[in-house]
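# Turn this into a structure:
(one chain, ligands or ions: 1)
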Amino acid sequence: MIILNEKHYVEHILSEGTLAPSCTHTFLRLYARYLYHEKKLQKNEIVQKLDSFLEHSEPHYQKENWAAPLEQYAAKASTYPLCKCDGVWMTDCELQTILALHDKVLERLAFTLLCLAKFRDFKNPKNDHWISNSNGEIYSIACINTTAFEKDNKLHLLKELGLIAFAKKVDNLNIRILFVEETGKKELFVSDFRKLGYEWRLYKGEKYIRCTACGILAKNTNGKRKYCVECSKRIDLQKAKERMKKIRNL
Ligand SMILES: [Zn+2]
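A predicted model of the protein is given here:
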């Protein structure tokens, strides 16, 4: 998962008090850096805070299993300050280049690569539009489901069209985006990198909503949707639990 504003992310999780199991390690790593850089805590205090977070949020928390990773996160907390990027702008020239592809899948791929390059440039102004994400990650956030062969094929197509270049070294998978044009008019601000493929579809006028609970983009085919699939499942379950509680209390 690509998190643009790490400070906001940490504060959001802390206020919610819950965390998807798949995000636990990512969160703890960021929380350690948050406590070091934002709250000026020392290593032992950081370990205590991480430990207390897990104690409250993990139903089967066992201290001894977590001691080593928590020590490690606290020890590395000082390395980088948190990234505080609210989003990145795409210019009209860049979007025109993508629209000219006239291919839904290639457009989503090119848009995703552009967003990733702009974010990397934000983090490191000397980056010069390079990205180093894996093919799997790129295609996942581009919301494109295809074979490994097609994944390589589509990237090669963009290369043939002069939109991207590959690093020269054989063992290096880095890609450089060649159609960044910062001088154009700012046209689209992208502040959520979870589903960049859907951000592109929304830009093109397709029906999508931002989930009222978690803000992720979700298809809105019937025009009535409020929540993404995951949140609506969670909310339905919560409602069912409340109904059960009422019945039992009668
Ligand atoms: Zn949601």
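# Please make it C-alpha for all contacts and neighbour counts, starting now.
OK.
# interface residues of the protein facing the ion?
211, 214, 228, 231 (CA under 5 Å from the ion).
# Which one among these sits at the bottom for pLDDT?
For the residues of the chain next to the ion, the weakest pLDDT value sits at residue 214, with 84.
# Can you tell me the closest non-neighbouring residue to it?
With CA to CA, 6 or more residues apart in numbering as the criterion, residue 214 has its nearest non-adjacent residue at 7.4 Å, and that residue is residue 231.
# secondary structure element for the one you found?
helix 229-249 (DSSP states H and E).
# contacting residues around that helix?
For helix 229-249, the external contacting residues (CA atoms under 8 Å, 6 or more residues apart in numbering) are 211, 213-214, 218.
# wait, is residue 198 part of a helix?
Yes: per DSSP: H, G, I helix; E, B strand; the rest coil, residue 198 lies within a helix segment.
# That one contacts residue 216, doesn't it?
No: using CA atoms under 8 Å as the test, residue 198 is too far from residue 216 to be in contact (9.6 Å).
# more crowded one of the two?
Taking other CA atoms under 10 Å, residue 198 and residue 216 do not tie; residue 198 has more neighbours (25 against 19).
# Give me the distance between the nearest residue to residue 42 once chain neighbours are set aside and the ion.
Excluding its sequence neighbours, the residue lying closest to residue 42 (CA to CA, 6+ apart) is residue 36, at 6.8 Å. Distance of residue 36 to the ion, computed by CA to the ion, to the nearest Å: 30 Å.
# buried set for the host helix or strand of residue 36?
Under the criterion of DSSP H and E, residue 36 resides in helix 24-37. For helix 24-37, the neighbour count (16 or more other CA atoms under 10 Å) marks 27-37 as buried.
# For the residue nearest to residue 42, list the residues it contacts.
42-43, 46, 77-78.
# Now the two most distant members of those residues.
46 and 78 (11.1 Å; CA to CA).
# Quick check: buried residues in the helix holding residue 231?
For helix 229-249, using 16+ other CA under 10 Å, the buried residues are 231-232.
# repeat for stretch 67-79
70-71, 73-75, 77-78.
# Check stretch 142-154 too.
For stretch 142-154, by 16+ other CA under 10 Å, it's 142-144, 151.
# and which of those residues is nearest the ion?
Proximity of the buried residues of stretch 142-154 to the ion (CA to the ion) peaks at residue 143, which lies at 16.4 Å.
# Mind checking what secondary structure that closest one has?
coil.
# Contacts made by stretch 20-33 with the rest, please.
6, 10, 46-47, 50, 70, 73-74, 76-78, 80-82.
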